[in-house]
Each structure stands twice: as structure tokens, then as C-alpha cells.
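> sequence and computational prediction follow.
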Amino acid sequence: DTGVSQDPRHKITKRGQNVTFRCDPISEHNRLYWYRQTLGQGPEFLTYFQNEAQLEKSRLLSDRFSAERPKGSFSTLEIQRTEQGDSAMYLCASEYGFTDTQYFGPGTRLTVL
Amino acid sequence: QQQVKQSPQSLIVQKGGISIINCAYENTAFDYFPWYQQFPGKGPALLIAIRPDVSEKKEGRFTISFNKSAKQFSLHIMDSQPGDSATYFCAARRRRGGGSNYKLTFGKGTLLTVNP
């Protein structure tokens, strides 16, 4: 399968702990996006990379959130000092050039107890 | 500010019927309008998309109708099947311009149930 992959698929953590998610985009896709989806809502944009450069961050991305994309390949999203309000599905999407199509991964479901 | 408004929130259709989901947008800079289908536990998958230079696009049983002056677009699913039962999201974005313009802005979703 050459689609977008995310790891882990599920994460349960206690409030105050740090968590890190990984996204592997489709090979050669230069754009990578992170979105957050809560129950009953559409995905909301968090941040965007073009190659290794992080070009945009949403106001939803507080100082506790950090994302990286070293060497323009996989990306990680870290949440420090998790709060119950961080519980959501974290989706990664990748896109090649100006093709317009964003391909989504299966997501990481985060539950903060 | 919700830039893309989607309705209805849920929809129940009989097998073989037509499912219609509507969206309205506010940002006139949007020029790409995709529809995504999402099954439980899965990420959204692109179903069909339209650019504002056409008023309608059809792919199999799925059709997008686009009204630029009204800033509205809709998804029509003909001959709806139980396998179409899923959550559908409309979205919008700018295709050019750099920076945050490439992000997708989604509606809140429509849960479609097709009864056999």
C-alpha cells in the first residue's frame, strides 16, 4: 500500500503527558498537512509543510504543539502536557505539486484521560 | 467564522433514491471545491471535485452542481446504495497564492444512511 500512513492509530494517554505522532506521506509528495477532527465536525487545519519548510500554522496550534518534517519526508506532530481538550483524531494529508488532491491517512485517535 | 456551511447534518435515503447534500461558502477567493467521503475509523477520501469554471461535473453516480453567483455547491448521489452510507464533507480552498491558501476548509459533514 503506497498511501499515507500514520502511526500510532490509537493513543491513550494521561493528562500532562507528552505524545508524538508520525505521518509518512506518499512518496514524492512535497506538501504535507496536519488536520484535527473532533466528533461530529469536519477536519480543521493545523499546519502545513512544503518540503521541509513549515509555512503555515493555525491559531489552533498552541505553544504545546510542535511539528517537524526533517528532510521533507515523514513528519511528526508532538503535543506536550496534553489536556483533555486535545482528544481528537489527528489526520495527515499529502499532496503533489499543484494537483489539488490531498490524500489523507487513516488518522491517529488520541484520547486524553 | 464558519467559512463553509453544510446541510443537512444527517440524511436518510432509501436504496435507489437520490441523496442531495448542500454547501455554501463565504470566501470568494475559493476556487476549488472537493467532496470527501469518510467511513468510520478511516481518513477522508476524495470523491469528486469541481472548479468554478464549470457549473456541473459528473463521475458515475456522483454529480457536483456549482452556482458561483450564489456561492453554493451541492453533491447529488444517484441510485444511492447501502454501501454509500458514510459521512460526506464538502470543502473549499484557493488553488494558488502561496502560504495558507492551500489548506482545505471543511464543512461540518453530513451523515448519510441508505436503507436497503
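Here it is on my side, so go on.

> for the closest residue to chain A within chain B, which non-adjacent residue is spatially closest?
In chain B, the residue that lies nearest chain A is residue B:106 (3.1 Å; CB to the nearest CB). No exception for glycine: its C-beta is placed from N, CA and C like everyone else's. Leaving aside its sequence neighbours, residue B:106 sits nearest to residue A:42 (CB to CB, 6 or more residues apart in numbering or on different chains; 3.1 Å).

> against residue B:87, how distant is that neighbour?
9 Å (CB to CB, to the nearest Å).

> right, is the helix or strand hosting residue A:91 up against chain B?
Taking DSSP states H and E as the definition, residue A:91 sits inside strand A:88-95. Yes. Strand A:88-95 is in contact with chain B by CB under 8 Å from any CB of the partner chain, via A:91, A:93, A:95.

> just checking, what packs against that strand?
Helices and strands touching strand A:88-95, by 3 or more CB pairs under 8 Å, 6 or more residues apart in numbering or on different chains; DSSP states H and E, are strand A:5-7, strand A:19-24, strand A:31-37, strand A:75-79, strand A:103-104, strand A:108-112.

> can we see that at 7 Å?
Applying 3 or more CB pairs under 7 Å, 6 or more residues apart in numbering or on different chains; DSSP states H and E, we find strand A:88-95 packed against strand A:31-37, strand A:103-104, strand A:108-112.
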